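Colleague: this is a predicted model, with the sequence first.
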Amino acid sequence: MGWGHDAGRSAKFHTLGKTDSGGAMTRLAGITLLAAGALLQCRPAAQTTLRSGGMPVVRAITITTVPLLSKELRAVYPFLQRDFATGGVLDGKEVYAFVPNTITVYAGDTLRLTLLNPEDDAHAFVLHDLYVPLAPQSRTDTTYVAREPGIFTFSCSVPQHLPMMRGQLVVLPS
């Protein structure tokens with residue numbers, strides 16, 4: 001069973017203190033709290049029907065985009081200036097993730113995917129036979145049927161977010 005976002009709980013975040021002249025600390029605090037909130041609210045994904053006798057089921061799964069190392073953090077972590085530079089460790093690529101990044105289901109299961117993009121960069125959820133654009137600060141619902149057993153990579157289509165922003169859909173034989 002995969003992991004999903006607890007849609008029954010919501011978190012409100014407030015930044016404390018004053019912002020600096022560029023507002024970088026406030027943005028950082030918001031991004032950091034947003035990422036922490038997304039991770040803390042993850043729990044086993046809800047399954048709407050129990051699997052019995054090898055019958056396919058409908059599974060509700062929420063996947064959230066989470067910024068881990070973004071260019072906005074350069075003011076807080078000065079070493080990122082060098083890391084994001086051409087030839088640096090990150091070479092201009094920001095580090096984002098899908099949470100959860102592994103989803104396990106059975107062949108024939110229908111996945112009711114809720115894709116959350118709470119931050120201000122566009123992303124896309126790309127599976128071998130599915131493409132879903134994710135606008136900034138959006139929620140996108142889609143349905144996918146896991147037809148064949150196998151391990152399928154999903155990723156973001158933004159080149160600067162690869163190879164880090166990826167995951168796997170593991171489809172077990174029914």
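Modeller: Arrived safely, thanks for sending. Numbering: from 1, shown residues only.

Colleague: who's in contact with stretch 84-94?
Modeller: With contacts defined as C-beta atoms under 8 Å, 6 or more residues apart in numbering, stretch 84-94 is touched by 67, 69-71, 74, 80, 82-83, 121, 160-162, 164. (Each C-beta comes from the backbone N, C-alpha and C, glycine too.)

Colleague: stretch 165-174 now?
Modeller: Contacts to stretch 165-174, defined as C-beta under 8 Å, 6+ apart, come from residues 54, 56, 63, 65, 95-98, 100-109, 123, 127, 146, 148-156, 158.

Colleague: hang on, the earlier thing: mind checking which of the contacts of stretch 84-94 are buried?
Modeller: The neighbour count (16 or more other C-beta atoms under 10 Å) marks 67, 69-70, 74, 80, 83, 121, 160-161, 164 as buried among the contacts of stretch 84-94.

Colleague: which of the residues you listed lies closest to residue 133?
Modeller: residue 121 (12.2 Å; C-beta to C-beta).

Colleague: in three-state terms, label the closest one for me.
Modeller: At residue 121 the chain is in coil, as set by DSSP: H, G, I helix; E, B strand; the rest coil.

Colleague: contact partners for it?
Modeller: If you count contacts by C-beta under 8 Å, 6+ apart, residue 121 has them with 67, 70, 94, 96, 136, 158.

Colleague: where does the nearest residue to the fifth one once chain neighbours are set aside land on pLDDT?
Modeller: Taking C-beta to C-beta, 6 or more residues apart in numbering, and ignoring the residues beside it in sequence, residue 136 has residue 120 as its nearest neighbour in space, at 4.7 Å. Looking at residue 120, its pLDDT stands at 91.

Colleague: okay, now residue 120: neighbour count?
Modeller: Using other C-beta atoms under 10 Å, residue 120 has 12 neighbouring residues.
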